[in-house]
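Colleague: Need coordinates for the following:
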Amino acid sequence: MKGESTVMTAPASQQEAGSVTQEIPAAGSGKSRPAAERKRPGRLSEDKRFKIFAGSANRKLAEDICTHVGVQLGESKLQRFADGEIYFQLLENVRGVDVFIVQPTCFPVDQHLVELLIMIDALKRASAGRITVVVPYYGYARQDRKDRPRVAISSKLVADLLTTAGANRALFMDLHAAQIQGFFNIPVDHMFASPVMVSYFRELNLPDLTVVSPDAGGVERARFFATKMQAPLAIVDKRRTDLNVTEVMNVIGDVQGRTCLVIDDIIDTGGTLVKTAQALLDAGAVKVYAAASHAVLSGPAIERITSSRLEELIVTDSIPLREEAQKLERQGKIKVLSVAGLLGATIESIHMETSVSSLFS
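Modeller: Alright, predicted model coming up:
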């Protein structure tokens, strides 16, 4: 429905149970018409076997992806009972359709994950032809191995949940560890935000640039970025003392008189980033910038970034910025780059059965 909110009113029996109604606005504008009569603009406008739906995690990103692809966001109804239980209903026919669900599992992680699972189940029971989950940020990715006794490998568990729910294919962006793809027994497309990041920093044209990995685990990511930017690479030796607590040891590489760019995949509490920036400045760096694909920014992250000597933090819109982070964006401390075009092109390639890797060539 164009220009009108899809009001989620539950059946009478559910309302009696004490449901709480949530509204998800429909994309576009204009008068309401049945989904079957609605014309979809753009390159895939006549393809009735292609639809994109979104949960509540990052509605704006899903709408931007649809704008890039040239389709309207699928109509759905999402509401919660008074106790938080999720109710989801599709408002369009999806029988035999190639469906993509855009839903990062960001804060609140568990809520958005369960929401995604319920959406998959609804599509499966509605006889969707193929269900592809588009998860720009994959929650639980950091729990990908047994690094301590008697701990869960939650990343594998989430992979099993998505597959069991009925997902036929998965699309991720900048997984914390690339080997997470191996946890899935369905096809996985792993995209990178680096083309968007590289383009931005090339335009910025920072002088005497050195790309820095904040730890040994991120060297491959930083090396790729350094190659694209034709810049030298440095590494910060980091020792983790506890969960979300790190201690920077020393800098490997020459950063004296250089402009440093710290490359990471996730910024959570900001402890690693702030200590890395300070270590680089203590080692003689002139300025320090930082870039990360996923701006989790939990706990004291905003306060730490505000008080840090970082020139600018560049992130993507894989996760919507919280209100406190939006203030830093308005102040110019945080810059958000959109990956909607990249994800839209990938979704289109998957649907058209063309090469996804060609997007990075």
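Colleague: Can I get stretch 214-233 as PDB, trimmed to CA atoms?
Modeller: Coordinates of each C-alpha in stretch 214-233 appear next as PDB, following Å, rounded to 0.1, in the frame of the first residue of the first chain:
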ATOM      1  CA  PRO A 214      43.900  -3.300  15.500                       C
ATOM      2  CA  ASP A 215      44.800  -6.900  16.100                       C
ATOM      3  CA  ALA A 216      46.400 -10.000  14.500                       C
ATOM      4  CA  GLY A 217      43.000 -11.400  13.500                       C
ATOM      5  CA  GLY A 218      42.200  -8.400  11.300                       C
ATOM      6  CA  VAL A 219      45.500  -8.400   9.300                       C
ATOM      7  CA  GLU A 220      44.000  -9.900   6.200                       C
ATOM      8  CA  ARG A 221      41.200  -7.400   6.100                       C
ATOM      9  CA  ALA A 222      43.600  -4.500   6.700                       C
ATOM     10  CA  ARG A 223      46.100  -5.800   4.100                       C
ATOM     11  CA  PHE A 224      43.400  -5.900   1.500                       C
ATOM     12  CA  PHE A 225      42.400  -2.400   2.300                       C
ATOM     13  CA  ALA A 226      46.100  -1.200   2.300                       C
ATOM     14  CA  THR A 227      46.600  -2.800  -1.200                       C
ATOM     15  CA  LYS A 228      43.600  -1.000  -2.600                       C
ATOM     16  CA  MET A 229      44.700   2.300  -1.100                       C
ATOM     17  CA  GLN A 230      48.400   1.600  -2.100                       C
ATOM     18  CA  ALA A 231      49.400   2.400   1.500                       C
ATOM     19  CA  PRO A 232      51.800   0.600   4.000                       C
ATOM     20  CA  LEU A 233      50.400  -1.700   6.700                       C
END
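Colleague: Show residues contacting that stretch.
Modeller: Contacts to stretch 214-233, defined as CB atoms under 8 Å, 6 or more residues apart in numbering, come from residues 177, 194, 197-198, 201-202, 209-213, 235-238, 253-254, 261-265, 272-273, 276. For glycine as for every other residue, the C-beta is placed from the backbone atoms N, C-alpha and C.
Colleague: Among these, name the ones in strands.
Modeller: 209-213, 235-238, 261-265 (DSSP state E).
Colleague: Now a PyMOL select for only the buried ones of these.
Modeller: Applied in PyMOL, the following selects the buried portion of the ones in strands among the contacts of stretch 214-233 according to 16 or more other CB atoms under 10 Å:
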select buried, resi 209+210+211+212+213+235+236+238+261+262+263+264+265
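Colleague: what does the average pLDDT come to for stretch 322-339?
Modeller: Averaged across stretch 322-339, pLDDT comes to 94.
Colleague: how far does that stretch stretch from start to finish?
Modeller: Terminal residues of stretch 322-339 are spaced 18 Å apart (CA to CA, to the nearest Å).
Colleague: Could you number the chain from 296 rather than 1 from now on?
Modeller: I'll keep to 296 as the first residue from here, and by that count the last item is stretch 617-634.
Colleague: ok, and for it, which residues are buried?
Modeller: By neighbour count on 16+ other CB under 10 Å, the buried set for stretch 617-634 is 617, 620, 623, 628-629, 631-634.
Colleague: Likewise for stretch 477-484?
Modeller: Buried residues in stretch 477-484, counted by 16+ other CB under 10 Å: 478-479, 483-484.
Colleague: any idea where the helices of this structure begin and end?
Modeller: Under the criterion DSSP state H, helices of the chain are mapped to 307-311, 354-364, 404-420, 449-460, 489-499, 514-524, 566-577, 596-602, 618-626, 635-647.
Colleague: which residues touch the fifth one?
Modeller: Outside of helix 489-499, the residues that reach it under the criterion CB under 8 Å, 6+ apart are 504, 519-520, 523-524, 556, 558, 586, 609, 611, 630, 632-634, 636-637, 654-655.
Colleague: again, but for stretch 624-634
Modeller: Taking CB under 8 Å, 6+ apart as the rule, stretch 624-634 contacts 356, 359, 431, 468, 488, 491-492, 495, 590, 600-601, 605, 607-613, 616, 620, 623.
Colleague: Distance from that stretch to the middle of the chain?
Modeller: In terms of CA atoms, centre = their mean, to the nearest Å, the centre of stretch 624-634 is found 15 Å from the chain centre.
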